[in-house]
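Colleague: what's the 3D shape of this:
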Amino acid sequence: MTREYPLEKIRNIGVIAHIDAGKTTTTERILFYTGKTHRIGSVDDGTTVTDWMEQERERGITIVSAAITTNWKDYQINLIDTPGHIDFTAEVQRSLSVLDGGVVVFDGVQGVEPQSETVWRQANKYRVPRICFINKMDRVGASLDYSIKTISEKLGANPIQMQIPIGEETEFSGVIDLLEMKAIYWRDEFGSDPVKEEIPPNMLDLATEKHNQLVESIAEFDDALIVKFLDNQEISLAELKTTLRHAVIHNLADPVFCGSSLRNKGVQLLLDAVIDYLPSPMDIPLVKGIDPKTDKEITRATSEDESLAALVFKIVSDPYVGRMAYFRIYSGKISQGMMAYNVSTGKKERVGRLIRVYADHREDVEEIYAGDIGAVLGMKTVSTGDTICAAHDQILLERISFPDPVISVAIEPKTSEDQEKLDKALQRLAEEDPTFQVKVDENTGQTLISGMGELHLEILVDRMLREFNVQANIGKPRVSYRETISKTIPKVDYKYVKQTGGHGQYGHVVFSIEPLKRGGGVQFENKIMRGAVPSQYFRSVEMGVRETADAGVVAGYPVTDIKVTFYDGSFHEVDSSEMAFKMASIFAFREGVEKAHPILLEPIMHVEVVLPDEYLGDVLAQLNSRRGEISGMEPNPGNAKAIIADVPLGEMFGYATELRSATQGRGVFTMEFSHYAPVSDEIRKKYFQ
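Modeller: The predicted model follows:
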């Protein structure tokens with residue numbers, strides 16, 4: 001079997017945006033125009049291909065990223081439709097980590113919205129080249145100029161305007177292509193046949209002005225072109241496209257297109273732009289990894305002639321076919337039946353069924369090559385972030401990092417028969433979603449599930465009921481507080497001595513403990529000199545510190561932002577043991593934290609509330625009553641305001657209902673984790689004593 005499409009004709013792209021900007025609708029139109037579907041799916045009717053889960057169709061939002069392979073003009077496009085809601089930001093993160101390019105969809109009325117900024121930052125982190133699509137140009141208040149301005153100002157991007165809309169708001173009927181200087185209309189019901197015509201005379205002056213600005217913007221990326229431009233020499237269309245493509249691939253420019261996905265206008269030109277400007281696997285830098293034997297950095301070229309290197313970026317538990325692992329191949333190829341080596345676990349496993357994925361439909365294939373995205377069934381030991389490679393030529397690719405959960409609830413089965421089913425469901429869901437964590441509270445014996453927000457946990461509990469038939473009771477949400485210290489203790493000296501019949505127990509450690517900046521975690525440094533303590537006990541001392549840091553002294557929450565330096569101690573030739581040093585370490589750490597003025601930290605959320613002007617006073621009062629710190633207000637289109645505030649997560653429960661009632665359903669808010677901050681003495685006394 002040979003490769004169906006050459007590498008330069010493959011595009012791995014993601015559709016990313018703020019919630020409700022029209023990502024899924026745009027994806028549905030892409031599938032329709034590329035021939036993957038024969039009817040247009042609707043989010044409102046629950047008939048979309050990529051939002052195939054029942055929960056997605058009921059709520060009209062995307063929850064899990066859906067992967068689809070389709071074709072356009074002799075090119076293969078591997079496309080991932082990602083969620084927009086902040087609770088599912090990990091889905092966006094893991095998708096961006098394996099994609100080569102992104103289509104960022106913006107609401108033509110709102111421009112850049114809070115979650116647009118989050119996904120843009122994530123794309124910056126992974127250096128993913130982007131093109132922009134200003135959607136909903138047919139809505140009242142839609143403005144291409146306003147949207148481009150917000151992309152430039154709020155995102156710090158370099159938007160390059162490629163089109164002008166023909167007709168405003170409800171009169172929107174087509175676009176002017178500023179490169180080719182042609183008017184394009186979509187006149188049939190499904191927008192299947194774009195019609196190219198001459199530019200309307202009343203728009204010719206504006207189009208010419210914008211065309212000249214566009215040519216100048218592109219010419220600035222190439223010294224030879226800028227000379228041509230300044231000498232008034234003609235620059236060919238091919239030269240402009242090649243230069244712009246180079247600028248996009250190097251994250252220097254973000255071409256902006258516009259349309260209305262719901263009204264079937266503009267999507268074919270967006271597909272052309274994906275082909276013209278977004279990178280193929282050949283255009284991205286060599287993938288970097290670590291040689292696990294030497295710990296040195298090595299690289300792999302995107303070629304099937306190289307040894308296999310693939311990254312697993314998603315695990316899905318399918319009720320019909322079982323466990324499915326999505327992967328991106330960076331080099332080599334994966335064949336059905338071959339033995340693959342999992343560097344992350346050190347285990348070999350046979351590759352079962354290989355499939356191309358089409359949302360919740362599948363197509364069996366024999367091989368998948370470098371630069372491509374696919375899925376494998378039946379590999380039991382792989383998990384998200386694992387590297388699959390050839391055993392004789394190993395490489396460890398960079399793992400995908402995920403944010404820590406910020407909210408927890410207790411969960412228990414309704415009957416004893418549900419216990420086993422609950423354990424199995426929780427294990428499966430935790431495998432799928434790295435931001436969903438399950439642990440047992442040692443003090444209460446309760447099972448706690450943690451996630452990124454109320455909606456995140458609500459969806460997971462709903463899935464337990466529907467997919468795994470588990471009846472469970474859910475407790476009140478619990479916030480993931482942290483503890484830290486506010487003072488340096490230069491010396492904590494602790495001897496653990498126990499005398500019993502026979503050998504005793506002796507361990508002696510001397511620590512210094514100091515606070516770190518927020519986000520510092522728990523750091524342990526070993527500065528033992530002159531063999532005061534044998535090296536065989538070092539690991540036990542560090543384990544004692546790290547295990548004790550999981551439950552602090554104020555209210556039993558994990559300790560963070562602390563550095564422990566182990567710099568002295570003593571041992572006994574006969575009575576010292578690993579357990580004795582671990583116990584000494586545990587008691588020393590607790591004693592040191594108690595002396596170092598321990599404080600409680602709470603998660604602070606960055607909240608943005610968009611609402612009509614007339615409700616401003618009520619909503620500000622609500623946020624103040626929830627201990628919110630207002631950091632700014634911005635005007636929004638259509639007589640609306642955006643309030644920006646930092647609010648403790650513990651105060652945000654039930655806020656959605658309160659905001660709806662205060663604004664007659666017209667206010668919306670988004671929130672994302674910002675930082676941890678000390679809890680005031682007043683709040684600490686109120687809730688924790």
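
Colleague: mind listing what Asn469 touches?
Modeller: Lys421 (C-beta atoms under 8 Å, 6 or more residues apart in numbering). For every residue, glycine as well, the C-beta is placed using N, CA and C.

Colleague: I figured Ala325 hits Val312, correct?
Modeller: Yes: assessed by C-beta atoms under 8 Å, Ala325 is found in contact with Val312 at 5.1 Å.

Colleague: common neighbours of those two, please.
Modeller: By C-beta under 8 Å, 6+ apart, Ala325 and Val312 have these common neighbours: Val382.

Colleague: Lys23 against Gly14, yeah?
Modeller: No: using C-beta under 8 Å, Lys23 is not in contact with Gly14, being 9.4 Å away.

Colleague: where in the stretch 451-600 of the chain is pLDDT low?
Modeller: 477, 500-502 (pLDDT under 70).

Colleague: picking up where we left off before, which of Lys23 and Gly14 has more neighbours?
Modeller: Remark: of Lys23 and Gly14, Lys23 carries more neighbours, 30 against 26, as counted by other C-beta atoms under 10 Å.

Colleague: any idea how far the more buried one is from Val15?
Modeller: As judged by C-beta to C-beta, to the nearest Å, Lys23 and Val15 stand 5 Å apart.

Colleague: next: Glu153.
Modeller: When distance is defined by C-beta to C-beta, Glu153 is 23 Å away from Val15.

Colleague: more neighbours, those two?
Modeller: Val15 (27 against 11).

Colleague: quick check: what element follows the strand or helix carrying the more buried one along the chain?
Modeller: Using DSSP states H and E, Val15 sits within strand 10-17. Scanning forward in sequence from strand 10-17 by DSSP H and E, the next helix or strand is helix 23-33.

Colleague: who are the packing partners of that next one?
Modeller: The contact analysis (3 or more C-beta pairs under 8 Å, 6 or more residues apart in numbering; DSSP states H and E) places helix 23-33 against strand 10-17, strand 66-72, strand 75-81, strand 101-107, strand 130-135, helix 267-277.

Colleague: out of those, which gets nearest to Pro292?
Modeller: Of all the helices and strands packed on helix 23-33, it is strand 10-17 that lies closest to Pro292, at 26.0 Å by C-beta to C-beta.

Colleague: any idea how far the closest one is from the chain center?
Modeller: On the basis of C-alpha atoms, centre = their mean, to the nearest Å, strand 10-17 is displaced by 14 Å from the centre of the chain it belongs to.

Colleague: can you list the helices and strands packed on helix 23-33 in a markdown table and add distance to Pro603 and mean pLDDT?
Modeller: Below are the helices and strands packed on helix 23-33 laid out as a markdown table (distance: least, C-beta to C-beta, whole Å; pLDDT from 0 to 100):
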| stretch | distance to Pro603 | mean pLDDT |
| --- | --- | --- |
| strand 10-17 | 25 | 86 |
| strand 66-72 | 30 | 79 |
| strand 75-81 | 29 | 83 |
| strand 101-107 | 28 | 91 |
| strand 130-135 | 30 | 94 |
| helix 267-277 | 38 | 94 |
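
Colleague: so which of these gets nearest Ile449?
Modeller: Among the helices and strands packed on helix 23-33, the nearest to Ile449 by C-beta to C-beta is strand 66-72 (24.1 Å).

Colleague: ok and that closest one relative to helix 267-277, angle-wise?
Modeller: Interaxial angle, strand 66-72 versus helix 267-277 (axes from the mean of the first three to the mean of the last three C-alpha atoms, to 10 degrees): 90 degrees.

Colleague: mind picking out the helix or strand in the chain with the poorest mean pLDDT?
Modeller: Ranking every helix and strand in the chain by mean pLDDT, DSSP states H and E puts helix 54-59 at the bottom, with a mean of 42.

Colleague: for Pro598, grab phi and psi.
Modeller: Backbone torsions for Pro598, taken as degrees, to the nearest 10, come to phi -70, psi 140.

Colleague: any idea how far Thr560 is from it?
Modeller: Counting by C-beta to C-beta, the gap from Pro598 to Thr560 is 11 Å.

Colleague: and Glu608, by the same measure?
Modeller: Taking C-beta to C-beta, one finds Glu608 at 27 Å from Thr560.

Colleague: and what of Ala677?
Modeller: Distance, Ala677 to Thr560, using C-beta to C-beta: 13 Å.

Colleague: which residues do those two both contact?
Modeller: Leu601.

Colleague: the two: who's more crowded?
Modeller: Thr560 (19 against 14).

Colleague: and Thr47, what pLDDT?
Modeller: Turning to Thr47, the model gives it a pLDDT of 42.

Colleague: kindly apply the preceding question to Ile334 instead.
Modeller: On the pLDDT scale, Ile334 is placed at 90.

Colleague: could you look up the SS state of it?
Modeller: strand (DSSP: H, G, I helix; E, B strand; the rest coil).

Colleague: show me the shaky parts of the stretch 301-450 of the chain.
Modeller: Applying pLDDT under 70 to the stretch 301-450 of the chain flags residues 318-321, 357-361, 403, 406, 441-445.

Colleague: SS state for the closest residue to Val287 other than its chain neighbours?
Modeller: Spatial nearest neighbour of Val287, excluding adjacent residues (C-beta to C-beta, 6 or more residues apart in numbering): Tyr330 at 4.2 Å. Assigned with three-state DSSP, Tyr330 falls in the strand class.

Colleague: ok, now which ones touch Tyr330?
Modeller: Val287, Arg300, Thr302, Ala309, Ala310, Leu311, Ala370, Gly371, Leu397.

Colleague: let's see it at 10 Å
Modeller: The neighbours of Tyr330, taking C-beta atoms under 10 Å, 6 or more residues apart in numbering as the test, are 98, 281, 284, 286-289, 299-303, 306, 308-311, 370-371, 387, 389, 395, 397.

Colleague: now Val607
Modeller: 114, 623, 626, 628-631, 643-647, 649, 652, 655, 669-672, 674.

Colleague: of these, grab the buried ones for ChimeraX.
Modeller: Buried residues within these, by 16 or more other C-beta atoms under 10 Å, are selected in ChimeraX with:
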select :114,623,626,628,643,645,646,647,649,652,655,669,670,671,672
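
Colleague: in the one helix or strand Ile411 maps to, what's buried?
Modeller: For Ile411, the element it lies in under DSSP H and E is strand 407-413. For strand 407-413, the neighbour count (16+ other C-beta under 10 Å) marks Ile407, Ser408, Val409, Ala410, Ile411, Pro413 as buried.
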